[in-house]
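Asks: okay, here's the prediction I keep looking at, along with the sequence it came from:
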Amino acid sequence: MFFPHTDEDKEAMLRTIGLDRLEDMFQAVPAARRFPELNLPPALTEMEAMAEMQGIAAANETTQDLVCFLGAGAYNHYVPSAVDSILRRGEFYTAYTPYQPEISQGTLQAIFDYQSLITALTGMDVSNASHYDGATAVAEAISLAYANFRGKRAKVVMSPALHPHYRQTVHTYNRGSVITIVGDDAENNPQQSPEALLPLIDDQTALVIVQYPDFFGRVYDYTSLAEAAHAVGALLAVSVNPIALGLLKPPAEFGADIVTGEGQPLGIPLSFGGPYLGIFATRQEYVRKMAGRLVGETVDNRGQRAYVLTLTAREQHIRREKATSNICTNQGLLALASTVYMSLLGKHGLRQVAELCYHKAHYAAQSIASLSGFDLWTKRPFFNEFMVRCPAPVAEINAHLLDHGILGGYELGEEYPELSDHMLIAVTEMNTKEEIDLLVDVLAEVSND
Amino acid sequence: MNVPADLKYTQNDEWIRVEGNTGTVGITDFAQDQLSDIVYVEIVVDEGETVSKGDACATLESVKAAADVYLPVSGKIIAVNESLPDAPETVNNDPYGEAWMVKIELSDKSELDDLMDAEAYEAKAKEEE
């Protein structure tokens, strides 16, 4: 609960610093600048303000109004209404770090459950209480690996098929640091198989980073990369789509040491790009190098089950300059949303969602491939996203689709110039067969026929 | 407080036992008592590494704090206690014996002159208590 300062509080504080009035604190600001005329329009009533804001909001075109085939890292999944109603409970709505276990058992238990679900999904031993988003979670994997080798290994091999925004974030994080990032350069053909990264892995490599399914939707078994990394003592980080793990082998089974991911598909609305949820899980042996918060289960002095922040001695506010990372913020509410989502679906439900995505995407891919002028460019197993080479510029096709109320696929030429006529199409359980057929019909209008 | 007379001590509560040209390094009984239950030990130098006085050689975590262990002298690391990370409580139970952290070949014995003897260290520790 928030208690504002009372007038008595303010007077006491002013007395302490030897001032009479609050305004005395602003003497350093020139008088003319202290209370400038702001030239604002006349004040509106609540009713008028609401009408104006709704008018502005109505100009948005959302996935409520459009049929969505856009993915590329953020996916239009169904969010059960129970997610939002639990999220809005007052007990959870303040997402401050629960330092006082005496008054925070509910929040701590929710985070503990989140961690437990993420470890079950990824096959890892430990999960932190989350990061900002999928991009920053990948960047934190580098911090962990670098700290693990105590700064003695500074090379990171990064797949060009890792989400372009994640790669940008990784470069931003490591600008000016000693870390060298290889493998994701522009001349590297993103269409190559992950084995192309093998020659880059050497005894200076701290970490190898791949995505699963990769940015183009393709599913690879990364066993050979894991073996090559482990042979020289390096770690393997895998960035995942958590929904795909309802169907695919968990990354732990092919040797991942760190699993990160974007948690948005787990019950978090698209919301024009955020806030989202960064998943971060790893093996037990790296737990003390992991950034962020960790909630543990224990027993109180009456023998009752209780939850607390654990491993806090290594935390940023104590270790400061020696900490692996200075990120300790977690996405408490969004982690809770994903926890409720995963709990509602259960493991069979999650598998069902994944299967629906998989089958619908394959139906769409097959139908589009049969259109003249369109080529299915994804030649290997894929999950819910695939690449199509188009007979016309993607922007033009998307404008045409929008005229029919369809949000088209991602324009790959934006990030990969060599894929300028290629569209990345995502299909989820939200897309009905009728919607997929509509997409195919509208695409047929721009085909070569 | 146990402060063996045959050791040299640092301001930061490390001890060193010198035999010939070799020094063995750990943390004092006073330090382990202040830290309380040690739950994690990581030795952060490798055998064969050339190190300087003041470099961190280990990281400790207790239930209430984290601390670095600094080298009292310069030289070359000739051994690290590899079994210590598996039994961090040894630091509490036997700080001057089983809980040694590294052995170092001294490159400059005159650095020992900057360290405290047992009497001076005990006085310092009593003051901090």
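Replies: Received it, and whenever you're ready, just let me know what you need. Numbers count the residues shown, from 1 in each chain, chains lettered A, B, ... in the order given.
Asks: count the neighbours of residue 75 for me.
Replies: Here I'm looking at chain A. By the measure other CB atoms under 10 Å in any protein chain shown, the count of residues near A:Y75 is 24. From N, CA and C alone the C-beta is placed, and that goes for glycine too.
Asks: should've been chain B
Replies: Here the neighbour count serves as a burial measure; for B:G75 (other CB under 10 Å) it reads 22.
Asks: show me what it is bridged to.
Replies: B:V51, B:L106 (DSSP bridges).
Asks: any idea how far B:T50 is from it?
Replies: From B:G75 across to B:T50, the span is 8 Å (CB to CB, to the nearest Å).
Asks: wait, doesn't A:G267 sit right on A:Y341?
Replies: Yes - when contacts are counted by CB atoms under 8 Å, A:G267 is listed as touching A:Y341 (2.7 Å).
Asks: tell me the residues that contact both of these two, please.
Replies: Here A:G267 and A:Y341 have A:V79, A:P80, A:V83 as joint contacts, going by CB atoms under 8 Å, 6 or more residues apart in numbering or on different chains.
Asks: phi, psi for the residue nearest to the spatial centre of chain B please.
Replies: For chain B, the residue lying nearest the average C-alpha position, counting by CA atoms, centre = their mean, turns out to be B:G26 (2.3 Å). In this entry, B:G26 is assigned phi and psi values of phi -160, psi -170 (degrees, to the nearest 10).
Asks: by mean pLDDT, which helix or strand of chain A comes out lowest?
Replies: helix A:316-319 (a mean of 61; mean pLDDT, DSSP states H and E).
Asks: quick check: which helices or strands does the following helix or strand past that helix pack against?
Replies: Downstream of helix A:316-319, the next assigned helix or strand under DSSP states H and E is helix A:332-369. Packing contacts for helix A:332-369, counted by 3 or more CB pairs under 8 Å, 6 or more residues apart in numbering or on different chains; DSSP states H and E, involve helix A:81-87, helix A:90-93, helix A:105-122, strand A:375-376, strand A:385-389, strand A:422-426, helix A:433-445.
Asks: ok, the residue nearest to A:N330 when sequence neighbours are not counted - how many residues close by?
Replies: Of all residues beyond its chain neighbours, the one nearest A:N330 is A:A129 (4.0 Å), with distances taken as CB to CB, 6 or more residues apart in numbering or on different chains. A:A129: 26 surrounding residues under other CB under 10 Å.
Asks: next up, the contacts around A:A129.
Replies: Under the criterion of CB under 8 Å, 6+ apart, the contact partners of A:A129 comprise A:I111, A:Y114, A:Q115, A:G292, A:R293, A:L294, A:V295, A:N330, A:G332, A:A335.
Asks: repeat the analysis, applying 6 Å as the threshold.
Replies: With contacts defined as CB atoms under 6 Å, 6 or more residues apart in numbering or on different chains, A:A129 is in contact with A:I111, A:G292, A:R293, A:N330.
Asks: just checking, A:V232 touches A:D203?
Replies: Yes - using CB atoms under 6 Å, A:V232 makes contact with A:D203 at a distance of 4.8 Å.
Asks: which of the two has more neighbours?
Replies: Set A:V232 next to A:D203 and count neighbours by other CB under 10 Å: A:V232 wins out with 13 against 10.
Asks: so what touches stretch B:99-115?
Replies: For stretch B:99-115, the surrounding residues in contact (CB under 6 Å, 6+ apart) are B:8, B:21-26, B:53, B:57-58, B:72-81, B:90-91.
Asks: what does stretch A:70-82 rub up against?
Replies: Counting by CB under 6 Å, 6+ apart, the neighbours of stretch A:70-82 from elsewhere in the structure are A:63, A:68, A:163, A:264-265, A:267, A:269-270, A:344, A:385, A:407, A:410, A:424, A:426, A:428, A:430.
Asks: quick one: mean pLDDT over it.
Replies: Stretch A:70-82 shows an average pLDDT of 97 in the prediction.
Asks: ok, which residues in chain B are in contact with chain A?
Replies: The interface of chain B toward chain A, taken as CB under 6 Å from any CB of the partner chain, is made up of B:V44, B:E61, B:A65, B:A66.
Asks: where's B:E42, which helix or strand?
Replies: B:E42 belongs to strand B:38-43, assigned by DSSP H and E.
Asks: before we move on, what about B:E61?
Replies: Take DSSP H and E as the rule and B:E61 turns out to sit in strand B:56-62.
Asks: buried set for that strand?
Replies: Burial within strand B:56-62, assessed by neighbour count using 16 or more other CB atoms under 10 Å in any protein chain shown, is assigned to B:C57, B:A58, B:T59, B:L60, B:E61, B:S62.
Asks: in JSON lines: these, plus pLDDT and distance to A:Q27.
Replies: As requested, those are exported to JSON lines (pLDDT from 0 to 100; distance: CB to CB, whole Å):
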{"residue": "B:C57", "pLDDT": "95", "distance to A:Q27": "53"}
{"residue": "B:A58", "pLDDT": "95", "distance to A:Q27": "53"}
{"residue": "B:T59", "pLDDT": "91", "distance to A:Q27": "48"}
{"residue": "B:L60", "pLDDT": "92", "distance to A:Q27": "50"}
{"residue": "B:E61", "pLDDT": "88", "distance to A:Q27": "48"}
{"residue": "B:S62", "pLDDT": "87", "distance to A:Q27": "49"}
